[in-house]
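Q: Turn this into a structure:
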Amino acid sequence: MNDIQLDIVKGLTGVLNAFYLNDKVLKELKAEEAKVKGTMDIGVINEGFNDALTREKIICIVKDKRFRPPPEPTVILRGNDGAVLGLEVFPHTSHLYENREDIIWMGDAFIVFPHVAVKGGEAFVMPPIPFVELNESNGCADVISCSPAPTSDVIIKKHYGLVDDPKLATILVAFNTK
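A: Predicted structure coming up:
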């Protein structure tokens, strides 16, 4: 049977493997994502993964560095009141933050806004990210992508017998069929 969505994903530059996740793995990933903590024991909410679980199909992509960058930050430090306290920065967006005195760089890929006031606590949020390659023209609706937590990435690789190479990462693409 021809699976146009899987064929499209497999044909993208930097995709080394792509396959549908089964219910057993998704159940294990759901339990893992619920207990993930970030730096300084700050909670992590993987909104993208939680949204993916509401879709009919979830493709797992194993990718290398040739895969295109995400169109939006995949990690945001957000206050319980919704205030953005920090976000992921990519090489192609870092110029937007050069020479700014109102931010602090946390490594070369994350910035924080120290002057943003927050009421309550904060959490690292991994939002759903658009995935334009799958869309209505190829039978998809409600398409999102997300990054699983590093521990979930390991679970996926172990379950499917894949090498745990730090140069390779997984992305999940979830969608409903039209």
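Q: Pull out the buried residues from stretch 65-73.
A: Neighbour counts over stretch 65-73 (16 or more other Cβ atoms under 10 Å) mark 67, 70, 73 as buried. To be clear about C-beta, it is placed using only N, CA and C from the backbone, and glycine gets the same treatment.
Q: Who does the longest strand along the chain pair with, and is each partner parallel or antiparallel?
A: In the chain, taking DSSP state E as the definition, the longest strand is strand 169-177. Strand 169-177 pairs in its sheet with strand 57-63 (antiparallel), strand 140-146 (antiparallel), by DSSP bridges.
Q: For this protein, give me the ranges with low pLDDT.
A: Filtered on pLDDT under 70, the chain yields the residue ranges 1-2.
Q: okay, which residue is most central for it?
A: For the chain, residue 147 is the residue whose C-alpha lies nearest the centre (Cα atoms, centre = their mean; 2.3 Å).
Q: didn't that one look like it was pressed against residue 156?
A: No: contact criterion Cβ atoms under 8 Å: residue 147 and residue 156 do not qualify, at 11.5 Å.
Q: shared neighbours, the two?
A: Common neighbours of residue 147 and residue 156 (criterion: Cβ atoms under 8 Å, 6 or more residues apart in numbering): residue 170.
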